[in-house]
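A.B. asks: A predicted structure for the sequence below; I have some questions about it.
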Amino acid sequence: MSREQTSDKHHSTAAGLSLSEWARVADNSDPGGLPHALEGLVGSRHVEAEVNKAWKLIRDGLDRRIFVDGAPIVLVRCPGRARIFGGHCDLPSIGGMSVDVATHQSFLALVQRTTDALVRAENLNLLHHPLCFGISDSDALPSNAENIRGRSDWLHWTERQSTSHTWEGLLKGTLAFMRTGWLDSDRRRHRALQNQGLRILISESDLPSGKGLSASSALPAGLGLALNSLWEVQPGHSSPLLSSSELRHLDYAAYLVGDLGGMSDITAILEGRRGRATVLWYSPDRVDQRPLIPADLRVFAVDSGVDRMDSPGSDPWLSSFSRHTKTLGNVTPPLAVLWMRHLSRTVEELRPLEDILLSSGSQVSRCGLLRELTVAGSLSEHSYRPEFVDQLLEQLPNNWTLERIQEVLQASLPDLREELVELAADLAPLGRQPVSTTRIPMRQMAYYGIQEIRRGIAYIGALSAGDISKLVRLCNQAHDGDRAIYDPFRRTSEGHPALTGWGRKPPKEAFQRSLPIIDAWVDQFRDFMEQECGPEQASARISGAGLGGLISIHVAAQHHHKAIDWWRNRGHSIIPIDPSEGASLIHVAH
């Protein structure tokens, strides 16, 4: 799909129907009606469940009477996203990719524009209380909105809010963020929403919350599409309320509920296509390809039963371990890039290396520069080859202290001192955390980043070719790069997490997003499937941000039920993954 077509999808207008008109549509079995519209989004296997969800939502809307009589209402479908490959190398410092699908699990929302400056929102999930607030209340429109012009400003504002309920925070966060100076520098959106109101009713959901399927990105995505439609249908508004880029930025609404992600999750939700994967590259962000999922491949997720360590209410020790691990993942790759630039200035045969590292046009070592050392970057334009990169990585130190690294780099790179100081400041809090180890796994993490990009490119090719054995092999290799190096549930006499057997080897690449118990399950599953089905018929790897959460499974279709039974027999819940269309307005013939 072209960029223009993608933009049209995000800016399309659905002729809003009154609630009574939606009720007639829901009760009508015409071929062009609701079943037809929803089948185009989720396929025949799931259409009945989606129709029932929509019918119940519309009937409840009639009973609850929160909508204004006669005013147009749009119906929007909000799926989650499942990450089937990649995801850790999407860090800006690495600039890799992720491969995602929009889930068939979703919720639906009815959204109406009013003129009373009030937002009234209700949810059929009884755990979510009804909301009523002014659209310009201080927790939905920051008093200093025009001065919030970047991530740090937005983070500072969200940290001072007291929202404790996820769905309230996501709704208010979306309305607040879209009117900040960061996204609304000319205040056009601020003026468009002034004295306007909204009525919102959310359906029951089969999208699991807190399981790594980006449920927190689904509401901002759907609400953004609904607002675009409702404001575009008004006379005199020739441009959308939110551009495609601005819609993707709405992932930052989740900062209000403590989810400090970027734009990748909502982009996958907005860009999803039924039956296809979406390949997202980072730094700069772009949608690359949408390969078909092979007919003889099945993908599903397993709930590990281990809560992600950065989940709200986690044990403080485990939360600290998560912060420590993820901070290393954020900061160590750009530190490795600085070391490579040091090598280019001190080793004669490496002198052209710095040109490659800066060929992305950025002067900051955090923007996709490791990618430049792969065939996805600038390596192919030079005489260097992958074998050279492997030799280069061997020259990076591993498990040196930050102080020792600083000492070498400050002497070699005086012009980059400010950048080094900034990176060191990001790492400094690690020394104050109880799980602290001040040694930096520079070589292992840089090698992981480059290898994961290489694997990702090979994965996309194997997906397009329908090569199940290669897909399985790549997923297993990716998990090995993610295996637990430290065990947060076992401590040394100094109070630090103990090294695992894998960590003591030590492995060539390591990004530590798995846990020892998950590694044990993965190994047992692999062994069982190989004995029962033969080699390279099934894979298991930690999914998403890791450190608990979901395990992603790839399996040849003929062995699908055997794989599911293995996990179910051990008490694990299965989450089917059937790629659907991304967040969409529901269009019906009326």
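C.D. replies: The structure has been received and is ready for your questions. Numbers count the residues shown, from 1 in each chain.
A.B. asks: Contact partners for Leu223?
C.D. replies: When contacts are counted by C-beta atoms under 8 Å, 6 or more residues apart in numbering, Leu223 touches 76, 109, 111, 171, 174, 200, 250. From N, CA and C alone the C-beta is placed, and that goes for glycine too.
A.B. asks: Include secondary structure and neighbour count when you put these into a markdown table, please.
C.D. replies: A markdown table is the format used below for these (DSSP: H, G, I helix; E, B strand; the rest coil; neighbours: other C-beta atoms under 10 Å):
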| residue | secondary structure | neighbour count |
| --- | --- | --- |
| Val76 | strand | 24 |
| Ala109 | strand | 24 |
| Val111 | strand | 25 |
| Leu171 | helix | 26 |
| Thr174 | helix | 24 |
| Ile200 | strand | 23 |
| Leu250 | helix | 26 |
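A.B. asks: got a markdown table for the residues you listed, with distance to Leu471 and pLDDT too?
C.D. replies: Output for the contacts of Leu223, formatted as a markdown table (distance: C-beta to C-beta, whole Å; pLDDT from 0 to 100):
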| residue | distance to Leu471 | pLDDT |
| --- | --- | --- |
| Val76 | 33 | 97 |
| Ala109 | 35 | 97 |
| Val111 | 39 | 97 |
| Leu171 | 39 | 95 |
| Thr174 | 36 | 95 |
| Ile200 | 40 | 98 |
| Leu250 | 32 | 92 |
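A.B. asks: just curious, which of the residues you listed is nearest to Val99?
C.D. replies: Leu250 (22.0 Å; C-beta to C-beta).
A.B. asks: The closest one and Ile542: what is the separation?
C.D. replies: Per C-beta to C-beta, to the nearest Å, Leu250 is found 27 Å from Ile542.
A.B. asks: How about Glu348?
C.D. replies: From Glu348 to Ile542 the distance is 41 Å (C-beta to C-beta).
A.B. asks: With Ala218 instead?
C.D. replies: 22 Å.
A.B. asks: what's the answer for Ile551, then?
C.D. replies: Spatial separation of Ile551 from Ile542 under the definition C-beta to C-beta is 6 Å.
A.B. asks: And for Lys211?
C.D. replies: 13 Å.
A.B. asks: quick one, which of these two is more surrounded?
C.D. replies: Ile542 (28 against 22; other C-beta atoms under 10 Å).
A.B. asks: got the phi/psi numbers for that one?
C.D. replies: phi -60, psi 140 (degrees, to the nearest 10).
A.B. asks: and if you look at the one 10 residues further on?
C.D. replies: For Ser552, the backbone dihedrals are phi -90, psi 130 (criterion: degrees, to the nearest 10).
A.B. asks: Verify the contact between it and Ala538 for me.
C.D. replies: No. Assessed by C-beta atoms under 8 Å, Ser552 is found out of contact with Ala538, at 11.4 Å.
A.B. asks: buried sites along the helix ranked longest in the chain?
C.D. replies: Criterion DSSP state H: the longest helix present in the chain is helix 316-346. For helix 316-346, burial by neighbour count (16 or more other C-beta atoms under 10 Å) applies to 317-344.
A.B. asks: same thing with stretch 395-413?
C.D. replies: Applying 16+ other C-beta under 10 Å to stretch 395-413 flags 396-398, 400, 402, 405-406, 409, 412-413 as buried.
A.B. asks: and the least confident of these?
C.D. replies: Least confident entry in the buried residues of stretch 395-413, by pLDDT: Leu402, with 83.
A.B. asks: So that residue is in contact with Leu427, correct?
C.D. replies: Yes. In terms of C-beta under 8 Å, Leu402 counts as a neighbour of Leu427; the distance is 5.7 Å.
A.B. asks: what sits in contact with each of these two?
C.D. replies: Joint contacts of Leu402 and Leu427 (C-beta under 8 Å, 6+ apart) are Ile440.
A.B. asks: Tell me how far Pro92 lies from Val337.
C.D. replies: For Pro92, the distance to Val337 (C-beta to C-beta) stands at 11 Å.
A.B. asks: Could you do Tyr255 as well?
C.D. replies: Tyr255 sits 27 Å away from Val337, going by C-beta to C-beta.
A.B. asks: what about the stretch 401-550 of the chain, any weak spots by pLDDT?
C.D. replies: For the stretch 401-550 of the chain, residues meeting the criterion pLDDT under 70 lie at 428-438.
A.B. asks: can you give me the strands for it?
C.D. replies: Secondary structure of the stretch 401-550 of the chain, counting by DSSP state E, counting those that start in this stretch: strands at 439-440, 486-491, 497-499, 538-542, 550-556.
A.B. asks: would you list those in CSV and tack on distance to Glu422?
C.D. replies: As requested, these are exported to CSV (distance: least, C-beta to C-beta, whole Å):
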stretch, distance to Glu422
strand 439-440, 15
strand 486-491, 26
strand 497-499, 27
strand 538-542, 30
strand 550-556, 33
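A.B. asks: Dihedrals phi and psi, Ala140?
C.D. replies: For Ala140, the backbone dihedrals (degrees, to the nearest 10) come out as phi -120, psi -10.
A.B. asks: What about it, how many residues nearby?
C.D. replies: By other C-beta under 10 Å, the burial measure for Ala140, its neighbour count, is 18.
A.B. asks: cool, and Asp206?
C.D. replies: The burial count for Asp206: 15, using other C-beta under 10 Å.
A.B. asks: these two touch, right, it and Thr103?
C.D. replies: No. Counting by C-beta under 8 Å, Thr103 is not a contact partner of Asp206; they are 9.2 Å apart.
A.B. asks: Adding distance to Cys533, write the buried residues of stretch 395-413 out as JSON lines.
C.D. replies: Formatted as JSON lines, the buried residues of stretch 395-413 follow (distance: C-beta to C-beta, whole Å):
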{"residue": "Leu396", "distance to Cys533": "39"}
{"residue": "Pro397", "distance to Cys533": "43"}
{"residue": "Asn398", "distance to Cys533": "37"}
{"residue": "Trp400", "distance to Cys533": "44"}
{"residue": "Leu402", "distance to Cys533": "47"}
{"residue": "Ile405", "distance to Cys533": "46"}
{"residue": "Gln406", "distance to Cys533": "51"}
{"residue": "Leu409", "distance to Cys533": "50"}
{"residue": "Ser412", "distance to Cys533": "53"}
{"residue": "Leu413", "distance to Cys533": "52"}
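A.B. asks: of the residues you listed, closest to Trp566?
C.D. replies: For the buried residues of stretch 395-413, the nearest to Trp566 is Asn398 (36.3 Å; C-beta to C-beta).
A.B. asks: Count the neighbours of the nearest residue to the closest one once chain neighbours are set aside for me.
C.D. replies: For Asn398, ignoring the flanking residues on the chain, the nearest one in space by C-beta to C-beta, 6 or more residues apart in numbering is Arg443 at 4.0 Å. Arg443: 23 surrounding residues under other C-beta under 10 Å.
A.B. asks: Relative to Glu509, how far out is Arg443?
C.D. replies: Counting by C-beta to C-beta, the gap from Arg443 to Glu509 is 9 Å.
A.B. asks: for Ala117, same thing?
C.D. replies: 55 Å.
A.B. asks: residue ranges with poor pLDDT in the chain?
C.D. replies: For the chain, the ranges with pLDDT under 70 are 1-15, 29-32, 164, 232-238, 260-262, 312, 359-367, 380, 428-438, 590.
A.B. asks: can I see the domain layout of it?
C.D. replies: 3-304+579-585, 316-572 (automatic domain parsing).
A.B. asks: which one of the ones you listed lies closest to Asp310?
C.D. replies: Of all the domains of the chain, domain 316-572 comes closest under C-beta to C-beta, at 4.4 Å.
A.B. asks: first vs last residue of the closest one, how far apart are they?
C.D. replies: 26 Å (C-alpha to C-alpha, to the nearest Å).
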